[in-house]
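[1] here's my sequence, what's the structure:
(4 chains)
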Number of protein chains: 2
Amino acid sequence: MSNVPLPDAQATLGALLRRPYEYLQTKVYGGLAARGFPDIRPAHSSLLRYIRPEGSRVVDLAERAQITKQSMAYLVGDLESLGYVTVVPDPDDGRAKRVVLTSRGQAVWATLIELSQTLEDHCADLIGTADMATLRRILQDLSQALGPRD
Amino acid sequence: MSNVPLPDAQATLGALLRRPYEYLQTKVYGGLAARGFPDIRPAHSSLLRYIRPEGSRVVDLAERAQITKQSMAYLVGDLESLGYVTVVPDPDDGRAKRVVLTSRGQAVWATLIELSQTLEDHCADLIGTADMATLRRILQDLSQALGPRD
DNA sequence: TTTTAATAGACAGAAAGTCTGTCCATTTAC
DNA sequence: GTAAATGGACAGACTTTCTGTCTATTAAAA
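    As a prediction, the model looks like this:
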């Protein structure tokens, strides 16, 4: 009687988005490991995605990554101990510090972007460049429509 | 000199996929909480996504969700203690057990699907039904092209 | 200008969710 | 009928997140 799980949990929009997202995630972090950055983990992307060239404060990073400042502070400490970032005092605010990428941090950042591009090119090969362009366009429209922040 | 973070980590395909994915995730679990299921957490979706009406074994769930059987066993134990699933012996295999949704589990499952559909409809309103259909079509093609499993 | 608010971060502790490693019971294969 | 494979249980660890509290400093208000 109870044939409940069948309108297919695999056909939701969320499921469709998850598949390529996890593919990219796996390939990117695998690629980083293969290129000499085996200690960079997915959690670190919360910092790497939002850090600015001139350095960023912990609160700002936390807010953009949508996690608590304590969680971001943990990631900063972790990446600091791994040699990817340094923390320097903020010249404009005695309370604050700035998180800055070391040269190794810049290297990992550049590799991240390069891998992302390569992976996207691979996907474009699979579905065609026209569809990839359309996919990007629609996702961008959707992001915009969802608002800059919830 | 070092203007490294600027080819824009926010413009990658991964970033574009993440935005709507996290939106859906937030809204779905918020919606579940609002509808009387505040104890269902995102991690539980690894089980809820793959459980079958006739019940599923832990190893099967783990394999489909791409986590270890120990991790899946943890989720099973958790959902069992919350009253969403029960574990019954597998009639065909003395070693095995079957994880089965309780009626409350079926209720949360149905609510999950309903929320997903409502959210997708909302997105379709934002970008138009034509674009939503195209988005689905392309994501489905991409999933297919990426292969059934890595 | 002093007092009060808000802000940036540090520290402590806890919890969720994942992993590895080991073990037993049962089933399948030779 | 023994050996290998399989489903699951148990123990322990680690990562990543959270809440709560605290200090130092800055900004706002009196």
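[2] and the helix or strand containing A:Val87, what does it pack onto?
    For A:Val87, the host element (DSSP states H and E) is strand A:85-89. Counting contacts by 3 or more Cβ pairs under 8 Å, 6 or more residues apart in numbering or on different chains; DSSP states H and E, strand A:85-89 is packed against helix A:69-81, strand A:97-101. C-beta here means a position set from N, CA and C on the backbone, and glycine is covered the same way.
[3] contacts for it?
    By Cβ atoms under 8 Å, 6 or more residues apart in numbering or on different chains, the residues outside strand A:85-89 that reach it are A:47, A:51, A:55, A:76, A:79-80, A:96-102, A:105.
[4] again with stretch A:13-23
    Outside of stretch A:13-23, the residues within contact range by Cβ under 8 Å, 6+ apart are A:9, A:123, B:13-14, B:17-18, B:20-21, B:24-25, B:28, B:49, B:116, B:119-120, B:123, B:135-136, B:139-140, B:142-143, B:146, B:150.
[5] swap in 7 Å and give it another go.
    Contact with stretch A:13-23 is made by A:9, B:14, B:17-18, B:20-21, B:24, B:116, B:120, B:123, B:136, B:139-140, B:142-143, B:146, as judged by Cβ atoms under 7 Å, 6 or more residues apart in numbering or on different chains.
[6] how about stretch A:69-79?
    Stretch A:69-79 has contacts (Cβ under 7 Å, 6+ apart) with A:43-44, A:46-47, A:58-59, A:61-62, A:65, A:85, A:87, A:99.
[7] so which of these also contact DNA strand D?
    With Cβ under 7 Å from any atom of the strand as the criterion, the contacts of stretch A:69-79 include A:43-44, A:46 near DNA strand D.
[8] returning to what we had before: with mean neighbour count and mean pLDDT added, can I get the helices and strands packed on strand A:85-89 in TSV?
    Converted to TSV, the helices and strands packed on strand A:85-89 look like this (neighbours: other Cβ atoms under 10 Å in any protein chain shown; pLDDT from 0 to 100):
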stretch	mean neighbour count	mean pLDDT
helix A:69-81	17	98
strand A:97-101	21	97
